[in-house]
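In: Please work out how this folds:
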Amino acid sequence: MEKANQSLFKKIISFRETSLTLIILCLMLILTFVTPGFLTKYNINTTLIGLSMDGIMAVGMVLVLVLGGIDLSVGSVMALSNVTAGIVAMHYGLNIWLSVLIAMFISILAGLTIGKLITKIKLNPFITTLSMMSIARGIAYIFTEGSPVSLGEISVVFDWIGRGKILGIPNPGIILLLIVIVMDFLMRKSKTFREIYYIGSNEQAAAFSGINVNKRKLMVYILCSFLSGLAGVITLARFGVATPTAGVGAELRAIAGAVIGGASLNGGEGTVLGALLGIILVALVNNALVLLNVSVYWQSLVTGLVLLTAVIVDMRVHNKKN
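Out: Residues are numbered from 1 along each chain as shown. Predicted structure coming up:
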C-alpha cells in the first residue's frame with residue numbers, strides 16, 4: 001500500500017513538473033511573437049538574474065513547506081545579510097570575504113532562532129517567521145539609517161561573482177543551477193532529507209518511527225535562512241549596493257514559486273525542481289507585464305492571483321485525495 005502511494009505521489013509530481021514545463025515553453029513562444037524585446041540578450045540576462053535570487057530562496061522555502069511549516073522572513077533575512085556584508089566592509093574596513101562570513105553567520109543565527117522558537121517554545125511558524133520578518137528588516141534599516149550604501153570597487157573577484165558570466169550565463173544563474181542540482185539530489189536520495197517528507201505528511205507518526213523531528217525542523221529553518229542570506233550576498237556582489245529594501249516581496253514570490261511547483265501548504269509534498277519551474281513561471285509573467293508596458297504596481301497583484309490560484313488547485317487536489 002505504501003509503495004502504491006509513493007508511486008501515485010511520483011506520478012502526480014511528474015505530471016505537475018511536465019505541465020509546468022509545457023506552460024513555460026508556450027508562454028515563451030507567445031512572448032517571442034507578441035513582444036520583440038523578449039529574446040534580446042539584455043532581457044534574458046536581466047530576467048535570469050532576477051529569478052536567480054528568488055529561485056535560491058524558493059529552494060529553501062520548498063524545504064520548509066514540505067516540512068509542514070512556512071517562512072515569511074526570507075526576504076528580510078536576505079536584506080539583513082546584504083546590509084551586514086556591505087556595512088561591515090565599508091564602515092568597519094574589514095575584508096569583504098570576512099564581511100560575507102559575518103553576514104552568513106547572522107543569517108544562520110536567524111534560522112537557528114526561528115527553529116529554536118518553533119521546536120523548544122512551540123511557537124506557531126507563521127507568527128515566529130512573521131516576527132523575524134519585521135525584526136530582520138528593522139535591523140537592516142537601523143544599520144543603514146534607511147539609505148543605500150555603495151561598496152565601490154571593493155574586490156574584483158567579489159564583483160565577478162555577481163556580474164561575471166560563465167559560457168555566457170550570468171554567475172547568479174550558475175549558482176542557482178548548482179544549488180538546485182545538489183538540493184534536488186539530496187531531497188530524492190538522502191535519508192535525512194527524505195525524512196522531511198515523512199514529518200510533513202504525519203509529524204506524530206514520524207516521531208513514533210524514531211525520526212528526530214525537532215532536529216530536522218531546526219536543520220530546515222537554518223538551511224532556509226542560509227540560502228536567503230546567500231541570495232543577499234549575491235545581490236550585493238551584483239549591484240555593489242547594500243540596501244535595506246533588498247528582498248521586499250521575495251517571501252511572496254518564493255512561496256508562489258514553491259506552491260505553483262507542487263509544494264503543498266499542508267506539508268509532505270514538493271520538489272526543488274518544481275519550485276524552480278514555479279519561480280521561472282512567475283518571473284516570465286512579471287517580465288511579460290514589463291515588456292507590455294503594464295504598470296509595475298500590477299506585478300504584485302498578478303503574483304498574488306497566481307499564488308491564490310495555485311493554492312485553490314492544491315486544496316482541490318487534496319480534497320479529491322481525501
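In: Mind giving me the packing neighbours of the helix or strand encompassing Arg253?
Out: Arg253 belongs to helix 250-260 when assigned by DSSP states H and E. On a contact count with 3 or more C-beta pairs under 8 Å, 6 or more residues apart in numbering; DSSP states H and E, helix 250-260 meets helix 41-67, helix 74-91, helix 272-291, helix 297-321. The C-beta positions use only the backbone N, C-alpha and C, and glycine is treated the same way.
In: in the longest one, what counts as buried?
Out: It refers to helix 41-67. For helix 41-67, burial by neighbour count (16 or more other C-beta atoms under 10 Å) applies to 43-45, 47-67.
In: Report the mean per-residue pLDDT for whatever helix or strand Gln204 lives in.
Out: Using DSSP H and E, Gln204 maps to helix 203-208. In this model, helix 203-208 has a mean pLDDT of 94.
In: same question, stretch 130-149
Out: Rounded mean pLDDT across stretch 130-149 is 94.
In: buried residues in the helix or strand where Met219 lies?
Out: Element membership of Met219, judged by DSSP H and E, is helix 213-239. Neighbour-count burial for helix 213-239 flags 213, 216-239 (criterion: 16+ other C-beta under 10 Å).
In: and it, how far out from the chain's middle?
Out: Here helix 213-239 shows a centroid-to-chain-centroid distance of 9 Å under the convention C-alpha atoms, centre = their mean, to the nearest Å.
In: other SSEs contacting it?
Out: helix 41-67, helix 74-91, helix 96-119, helix 156-163, helix 171-189, helix 191-201, helix 203-208.
In: the inter-axis angle of the fourth one versus helix 171-189?
Out: An angle of 70 degrees separates the directions of helix 156-163 and helix 171-189 when computed by axes from the mean of the first three to the mean of the last three C-alpha atoms, to 10 degrees.
In: Helix or strand next in line after helix 156-163, which one?
Out: In N-to-C order, the element after helix 156-163 by DSSP H and E is strand 165-166.
In: just to revisit the earlier point, of the helices and strands packed on helix 213-239, give the one that comes closest to Ser264.
Out: helix 41-67 (7.0 Å; C-beta to C-beta).
In: Check the average confidence over the closest one, would you?
Out: On average, helix 41-67 scores 94.
In: Next: stretch 293-302.
Out: 80.
In: any idea how far it is from the chain center?
Out: 21 Å.
In: that older thread, output the helices and strands packed on helix 213-239 as JSON lines; include the columns distance to Gly267.
Out: Below are the helices and strands packed on helix 213-239 laid out as JSON lines (distance: least, C-beta to C-beta, whole Å):
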{"stretch": "helix 41-67", "distance to Gly267": "6"}
{"stretch": "helix 74-91", "distance to Gly267": "18"}
{"stretch": "helix 96-119", "distance to Gly267": "14"}
{"stretch": "helix 156-163", "distance to Gly267": "35"}
{"stretch": "helix 171-189", "distance to Gly267": "14"}
{"stretch": "helix 191-201", "distance to Gly267": "3"}
{"stretch": "helix 203-208", "distance to Gly267": "8"}
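In: most packed of those?
Out: helix 74-91 (a mean of 28; mean count of other C-beta atoms under 10 Å).
In: Tell me which other helices or strands that helix touches.
Out: Counting by 3+ C-beta pairs under 8 Å, 6+ apart, helix 74-91 packs on helix 41-67, helix 96-119, helix 125-144, strand 149-150, helix 213-239, strand 241-242, helix 250-260.
In: For Ile96, give me its contacts.
Out: Ala85, Ala89, Leu151, Ile154, Ser155, Phe158 (C-beta atoms under 8 Å, 6 or more residues apart in numbering).
In: likewise Ala310?
Out: Ala256, Val259, Ile260, Gly278.
In: can you list the helices and strands packed on helix 250-260 in JSON lines and add distance to Lys165?
Out: Formatted as JSON lines, those follow (distance: least, C-beta to C-beta, whole Å):
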{"stretch": "helix 41-67", "distance to Lys165": "8"}
{"stretch": "helix 74-91", "distance to Lys165": "22"}
{"stretch": "helix 272-291", "distance to Lys165": "19"}
{"stretch": "helix 297-321", "distance to Lys165": "27"}
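In: Verify the stated contact: Thr21 with Leu276.
Out: No: at 10.6 Å, Thr21 and Leu276 do not qualify as touching, with contact defined as C-beta atoms under 8 Å.
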